[in-house]
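Asks: Show me the folded form of this:
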Amino acid sequence: MREPFRILKSRTVVLPQASIDTDQIIPARFLTTTSRDGLGKHAFHDWRYDVTGAPKPDFVLNAIDPSEHRVLVAGDNFACGSSREHAPWALRDFGFRAVISTSVADIFTSNALKNGLLPIEVDAATHAALLERPGYEVTIDLENLELRFANLEPVRFRVEPFARRCLLEGVDHLGWLLDQEAAIAAHERAHGLEGAL
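Replies: Numbering: from 1, shown residues only. Presented below is the predicted three-dimensional model:
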C-alpha cells in the first residue's frame, strides 16, 4: 500500500529542456537493481553531479527541498526514449508525485501511473506560464481532475480511469487485484468455476 493521491499542494521544480529522455532521468549504469529504494539519488545524476561525484550547486534539484517541491514541470516530449521503469522509480524516490508537460511519452506514462507518479499533459499556454514560474504553488486535485494555481484559471486534465482509481486508493495494479480476492472467489463459487484455473 502506498500513499493515496487525492489532492496534492506543492511547489514546482522547472526543467524546461525539451526531449528529456529516460537515460537523462536515470543513466543506464544505475539500472542493475530491482529495488525502487535509493534510486532518487540517481535521478538526473549526470546533470546533478560533476565527474568527481560532487553535487553541482547551480543545478535546480540540488537547491530545493524535495518535500516541498513534489511537482516537476518539464519541457516538451518528456521521458522519451527507452522503456525504463527505473525512471519513474527514481523520480518517486526523489520525492516527485507528479510531472507536468505538454507531452509525456506513452510508455513512461504507463510506467509512471503503475508506480504512483502522475503525469499530466497541459496545453502550451498553461505550460508556458508554469515554466516562467519556478517554485510556483500548484494544487493537483485528482478527485476532480483539476490543476489549480493562484492568478491562473484552473485547468482540467485526463487520466486513464483505472490508473486514477489505483492512485486515489493508494494501490498498484497488483495490489488492487489482490484486494479483490474475496470477490473473485465468491464469483467463482457462484458460477461453478472454483479451481478452474
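Asks: what bits of the protein have low per-residue confidence?
Replies: Within the chain, the stretches with pLDDT under 70 are 1, 195-197.
Asks: quick one, what contacts the residue nearest the centre of it?
Replies: With distances taken as Cα atoms, centre = their mean, L117 lies nearest the centre of the chain, 2.5 Å away. L117 makes contacts with P88, L91, R92, F96, R97, A98, V99, as judged by Cβ atoms under 8 Å, 6 or more residues apart in numbering. Quick note: C-beta positions are derived from backbone N, CA and C, even for glycine.
Asks: Quickly find the element holding the first one.
Replies: Right, P88. Following DSSP states H and E, the helix or strand that holds P88 is helix 86-94.
Asks: so what does that helix touch, helix or strand wise?
Replies: helix 22-25, helix 106-114 (3 or more Cβ pairs under 8 Å, 6 or more residues apart in numbering; DSSP states H and E).
Asks: Mean neighbour count, those: which tops it?
Replies: The highest mean neighbour count among the helices and strands packed on helix 86-94, using mean count of other Cβ atoms under 10 Å, belongs to helix 22-25: a mean of 22.
Asks: just to revisit the earlier point, how far away is the residue nearest to the centre of the chain from A98?
Replies: As judged by Cβ to Cβ, to the nearest Å, L117 and A98 stand 7 Å apart.
Asks: Quick one: the helices in the chain, in order.
Replies: Secondary structure of the chain (DSSP state H): helices at 22-25, 45-48, 86-94, 106-114, 124-131, 161-169, 173-179, 181-190.
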